[in-house]
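Novice: the sequence and its predicted three-dimensional model are supplied below.
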Amino acid sequence: MKNVIDVAGEGEGAWRAPLNDDARIAVIVNQRSGTNARDREALGRGIEGLGAHRVRRFEFKKGDDISSVVKAAVADGAQAVVAAGGDGTAMAVAGGVMGTGCAFSHLPLGTFNYFARGVGLPEDPFTAAREIARGVARPIHVGTVNGKVFLNNASIGIYPQILRERETIYARFGRRRIMAHWSVARTFWKFQRPMHLDVVADGRAFSCRSPLLFVFRSAYQLKTFGLAGARSISDDQFAVLIGRGETRLDLFRTALRLVTRTAQLGRDYDFLAAHEIVVTPRRKRLLLAFDGERDKAAAPLTFKMSAEPLYVIMPRQGGET
């Protein structure tokens, strides 16, 4: 059986027709998912919606090479690879799918599920799975930072610190959205000084001081928080937001404006659109966040579009990613 779904049209911009009824679907899930009744039920409903008869489940655990798991799924004859989990799982699996010829989608089982929501998938696992089963695959150029794929955004500065604090709080109180908001407040209290950054965006060089820098590839996230730059996403550019603020009070004020969707360009942040951006902080290694995950990265950070598109299965009406 071929791994590539039939293509409607020609060239890179062509979209792919819905999966056949007998098409094999690989569902890739974090091994820690399904450790409680709620997760097991959500995953089971998702597999039911995809069509249990054509689904094979592949598991991975922390530290595994997800590309190897994806390769095993492709070798097994999968025509589509579905990441079951949150945005971090979706990002990791998407990176493995790139270049395989398979289509990709996201079964939303996480906390925020920005990518799935951005391509128009509902958050209910069964309903989302049914949409995937009858959806079309459209080509999307995803972001990369130092060669690593991300789907929604990547950032440096205070946000990666928030993620580190969030994991500590999750471990103690559980993975709930209210705990995510509490981690923001705790991180702000620990804030000391903004970063000094040297930036080159499409050949334009400048320096700045900022508590955080976000590089977006999700129009949905930008619109959700009332931020500028959604148009640049459809133009296959990055939307780069550079936060303003020198003190804890500045950060709390900006956070409140983000929650209430009243953050303003020029007052709370600066914006630029670019196809490629190189960011050099003073530190040689720093904490980098991408799609809700975090890792240490070596400077400089080079943000580029993926050389080839990722074919993402979404509802026929499409989404905003």
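Specialist: Perfect, I can see it now.

Novice: ranges for the helices of the chain?
Specialist: Secondary structure of the chain by DSSP state H: the helices cover 37-50, 66-75, 87-97, 114-118, 125-134, 158-173, 177-190, 219-224, 230-234, 248-259.

Novice: can you lay out these as JSON lines showing mean pLDDT, mean neighbour count and distance to Leu286?
Specialist: All C-beta atoms are positioned from the backbone trio N, CA, C, and that covers glycine. Formatted as JSON lines, those follow (pLDDT from 0 to 100; neighbours: other CB atoms under 10 Å; distance: least, CB to CB, whole Å):
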{"stretch": "helix 37-50", "mean pLDDT": "91", "mean neighbour count": "17", "distance to Leu286": "33"}
{"stretch": "helix 66-75", "mean pLDDT": "95", "mean neighbour count": "18", "distance to Leu286": "24"}
{"stretch": "helix 87-97", "mean pLDDT": "96", "mean neighbour count": "26", "distance to Leu286": "19"}
{"stretch": "helix 114-118", "mean pLDDT": "96", "mean neighbour count": "27", "distance to Leu286": "23"}
{"stretch": "helix 125-134", "mean pLDDT": "96", "mean neighbour count": "21", "distance to Leu286": "35"}
{"stretch": "helix 158-173", "mean pLDDT": "79", "mean neighbour count": "17", "distance to Leu286": "8"}
{"stretch": "helix 177-190", "mean pLDDT": "74", "mean neighbour count": "15", "distance to Leu286": "15"}
{"stretch": "helix 219-224", "mean pLDDT": "95", "mean neighbour count": "20", "distance to Leu286": "22"}
{"stretch": "helix 230-234", "mean pLDDT": "94", "mean neighbour count": "16", "distance to Leu286": "25"}
{"stretch": "helix 248-259", "mean pLDDT": "76", "mean neighbour count": "16", "distance to Leu286": "18"}
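
Novice: between those, which one is nearest to Lys148?
Specialist: The closest of these to Lys148 is helix 87-97. By CB to CB, the value is 6.8 Å.

Novice: angle of that closest one against helix 66-75?
Specialist: Interaxial angle, helix 87-97 versus helix 66-75 (axes from the mean of the first three to the mean of the last three CA atoms, to 10 degrees): 60 degrees.
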